[in-house]
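> Based on what follows, work out the 3D shape:
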Amino acid sequence: MVISIVSFVILLFCITIHEASHGWAANKLGDPTAMAAGRVTLNPVAHIDLFGTIILPLLLALFHAPVFGWAKPVPVNPRFLKNPRRDGFWISLAGPAANLLAALISLLFILLLKVISPVSTIALLDSMNPSGSLPHGLQPLQGLLIILFELVLINTYLAIFNLIPIYPLDGSGVLEGLLPDRLAEQYSRLRPFGFFIVIIFISFGFLDIIIRPVEFLIRVLIFI
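Predicted coordinates:
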């Protein structure tokens with residue numbers, strides 16, 4: 001239960017980084033819409049979506065499934081952008097890139113703490129039991145390792161999920177910015193069906209197929 005709560009709180013932080021980065025990139029590229037709407041902030045309240053940020057992540061955490069979710073979309077007005085397709089690429093990429101950067105920094109801290117206290121990783125292994133309980137006599141350093149580990153996993157989940165090139169996920173904006181004009185126009189016709197495609201993608205376990213090898217690699221890097 002404790003691990004589930006920790007995962008949920010960390011998810012709020014990771015989603016906040018993600019959304020604020022979209023708004024920050026848009027503002028840097030000339031669109032002040034998100035800034036004016038108060039979305040370029042690390043206050044999670046500004047980004048919360050009732051289902052995607054609260055209900056779904058809590059359910060996933062309670063059932064010990066990989067925790068991910070989404071927030072309210074950051075408003076972007078293409079009229080303020082000099083090159084909407086090119087700038088849209090960078091705005092879309094900013095969120096997943098911020099999550100990957102946060103995951104990498106957290107992973108580097110874990111590897112540093114392993115050098116300082118090699119036995120502290122035992123707390124990570126103990127916290128992964130089905131009950132999600134923490135080991136008795138948990139030391140501050142071990143608790144920090146658990147938080148950093150969750151930061152690595154959840155930021156990685158969010159980055160991978162959002163980079164899937166299906167509307168309305170960020171990957172669609174990234175792909176649209178890379179395609180030639182004609183192909184981009186044809187690809188954009190999938191926009192009305194995007195949400196249903198995402199549901200099918202998740203329901204048939206395709207997301208799990210993508211995430212599990214990455215999670216395995218992270219665990220290898222930490223526990224070898």
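> When you work out contacts or count neighbours from here on, use the C-alpha atoms and nothing else.
Will do.
> Wait, Lys72 touches His47, no?
Yes: at 5.5 Å, Lys72 and His47 qualify as touching, with contact defined as C-alpha atoms under 8 Å.
> Settle it for me: which of the two has more neighbours?
More neighbours surround His47 than the other of Lys72 and His47, with 25 against 16 (other C-alpha atoms under 10 Å).
> which regions of this protein lie under the pLDDT threshold?
1-3, 64-68, 120, 122-140 (pLDDT under 70).
> Report the central residue of it.
Closest residue to the average C-alpha location of the chain: Leu158 at 2.2 Å, with C-alpha atoms, centre = their mean.
> Now do the same contact list for it.
Neighbouring residues of Leu158 by C-alpha atoms under 8 Å, 6 or more residues apart in numbering: Cys14, Ile15, Phe68, Gly69, Pro96, Asn99.
> got TSV for those, with secondary structure and distance to Val198 too?
Formatted as TSV, the contacts of Leu158 follow (DSSP: H, G, I helix; E, B strand; the rest coil; distance: C-alpha to C-alpha, whole Å):
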residue	secondary structure	distance to Val198
Cys14	helix	21
Ile15	helix	19
Phe68	coil	14
Gly69	coil	13
Pro96	helix	17
Asn99	helix	20
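> Please list only the buried members of these.
Buried by 16 or more other C-alpha atoms under 10 Å: Cys14, Ile15, Phe68, Gly69, Pro96, Asn99, out of those.
> which one of those residues sits closest to Leu148?
Among these, Cys14 lies closest to Leu148 (C-alpha to C-alpha), at 12.0 Å.
> Tell me the secondary structure at Pro165.
coil (DSSP: H, G, I helix; E, B strand; the rest coil).
> how many other residues sit next to it?
Pro165 has 17 neighbours, counted by other C-alpha under 10 Å.
> Since that was my last question, I'll sign off now.
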